[in-house]
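Sequence first, predicted coordinates after that:
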Amino acid sequence: MATNPSSEFVVQFWGVRGSVPSPGSETVLYGGNTSCVEMRVAGKRLIFDGGTGLRMLGKNLQSQLPIEVYWFFSHYHWDHIQGVPFFAPAFIEGNTFHIHGTAPEGVSMAQHFNEHVLHKNSPVPIKEIKADLKFYDLSFGEVTTLGEVTVATSSTSLNHPNGAIGYRVMWRGHSVVYCTDTEHLPDRLDKNVVELARDADLLIYDAMYTDEEYNNPKSPKVGWGHSSWQEAVKVAKEAGIKQLAIFHHEPNHNDDVLDQIGVQVKEAFEGGFLAREGMIVSLL
Ligand SMILES: [Zn+2]
Ligand SMILES: [Zn+2]
């Protein structure tokens, strides 16, 4: 039975890896593409970040053109923008992208996107872009309304080098939180993150490391801007969320390692699971 798009709330993971694409025989199960998540809610299409997973999303959308996309960037590290020049619908007239994000102080989102996301080092000439690009500068704590859908943002920057912004998508009492590229605090839970995630149906959270890796005295990851799955579970419990998607996997974590982490996550939090490329979660 076909679902009516105007009454669905679906999350689809197109890229779940952090930092750098990690293709190969050891990452087949979870996927090697970097951060890109699509949400289809109340007939609207939202995209979070533009890592290399975006390329496959673009291919998938080819049969549905023209499209109108509401696009939200957490920040602009390469693993969140590298797919942008390979998003096929951008090069086709008639498509509209509403591009949201925080730009560095003194610069508009339009200028930032055109100069830095669409960088001259891109292997694809960006002047070929034919889609209608509309830009929206976001502030921390700002709320955007898209018809019946509400998108709230974290009240302050996430704890990440150069900063990042978290998002909460709400519709008819359901909510999904996209909170990636954030490091937990050393001595307490991050109120900014817990409040964003409060009572959500699904929290998608950066849990790149295990606690053991994060605190490894030989190669600590303190200050790198990422959290651990153990800290993700603490946030999930404190915020009272239903489901927790461990996201932004460390590129050196192969399928076996992630399988093992998945078992531990499940033991620690019943609604916890590891995001996988291609995975679809329906909220209704
Ligand atoms: Zn990242
Ligand atoms: Zn980052």
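In hand now; what should we look at? Ligands and ions are numbered 1, 2, ... in the order given.

What ranges does this structure have for its strands?
9-15, 36-41, 44-48, 68-72, 96-101, 132-137, 143-146, 149-153, 167-171, 174-179, 202-206, 243-247, 272-274, 280-282 (DSSP state E).

what's the most buried one of those?
Among the strands of the chain, strand 202-206 has the highest mean neighbour count (mean count of other C-beta atoms under 10 Å), at a mean of 28. In short, each C-beta sits where N, CA and C put it, glycine included.

and it with strand 9-15, angle?
Calculated by axes from the mean of the first three to the mean of the last three C-alpha atoms, to 10 degrees, strand 202-206 forms an angle of 20 degrees with strand 9-15.

Give the pairing partners of strand 202-206; include direction for each.
strand 174-179 (parallel), strand 243-247 (parallel) (DSSP bridges).

That one near ligand 1 at all?
No. Residues of strand 202-206 are not located near ligand 1 by C-beta under 5 Å from the ion, the shortest gap being 7.3 Å.

what's the answer for stretch 150-164, then?
No. Shown here: stretch 150-164 not in contact with ligand 1 (C-beta under 5 Å from the ion), separated by at least 8.2 Å.

quick one: is that stretch near ligand 2?
No. Counting by C-beta under 5 Å from the ion, ligand 2 is not contacted by stretch 150-164; separation bottoms out at 5.5 Å.

List the buried residues of that stretch.
151-154, 156-160, 163-164 (16 or more other C-beta atoms under 10 Å).

same thing with stretch 104-123?
The neighbour-count check on stretch 104-123 (16+ other C-beta under 10 Å) flags 109, 112-113, 117-118 as buried.

same check, this time on stretch 196-212
Residues of stretch 196-212 classed as buried by neighbour count (16+ other C-beta under 10 Å): 196-197, 200-210.

Can you check which of the strands of the chain gets nearest to S219?
Closest to S219 of the strands of the chain, according to C-beta to C-beta: strand 202-206, at 18.8 Å.

centre of the chain versus that closest one, how much separation?
Distance of strand 202-206 from the chain centroid (C-alpha atoms, centre = their mean, to the nearest Å) equals 8 Å.

do stretch 108-124 as well
On the basis of C-alpha atoms, centre = their mean, stretch 108-124 sits 20 Å off its chain's mean C-alpha point.

I'd like to know the average pLDDT value across that stretch.
Computed over stretch 108-124, the mean pLDDT rounds to 91.

quick one: V194 from E142, how far?
Per C-beta to C-beta, to the nearest Å, V194 is found 19 Å from E142.

which bits of the stretch 1-150 of the chain sit near ligand 1?
So the stretch 1-150 of the chain meets ligand 1 at 18, 79 (C-beta under 5 Å from the ion).

Now do the contacts for the residue of the stretch 1-150 of the chain found nearest ligand 1.
For the stretch 1-150 of the chain and ligand 1, the shortest gap (C-beta to the ion) falls at D79, measuring 4.3 Å. Neighbouring residues of D79 by C-beta atoms under 8 Å, 6 or more residues apart in numbering: 17-21, 34-35, 51-52.

Which pLDDT value belongs to it?
Residue-level pLDDT assigned to D79 equals 98.

cool, and the one 5 residues further on?
Confidence at V84, expressed as pLDDT, is 96.

pretty sure it contacts V117?
Yes. Using C-beta atoms under 8 Å, V84 is in contact with V117, at 5.7 Å.

Find residues that contact each of these two.
Jointly contacting V84 and V117 under the rule C-beta under 8 Å, 6+ apart are G50.

Verify the stated contact: M109 with I99.
Yes. In this structure M109 lies within contact range of I99 using C-beta under 8 Å: 6.7 Å.

shared neighbours of those two, anything?
Residues touching both M109 and I99 (C-beta under 8 Å, 6+ apart): 135-136.

Could you give the bridge partners of the residue nearest to V281 when sequence neighbours are not counted?
For V281, ignoring the flanking residues on the chain, the nearest one in space by C-beta to C-beta, 6 or more residues apart in numbering is V11 at 4.6 Å. Beta-bridge pairing of V11 under DSSP bridges involves M39, V281.
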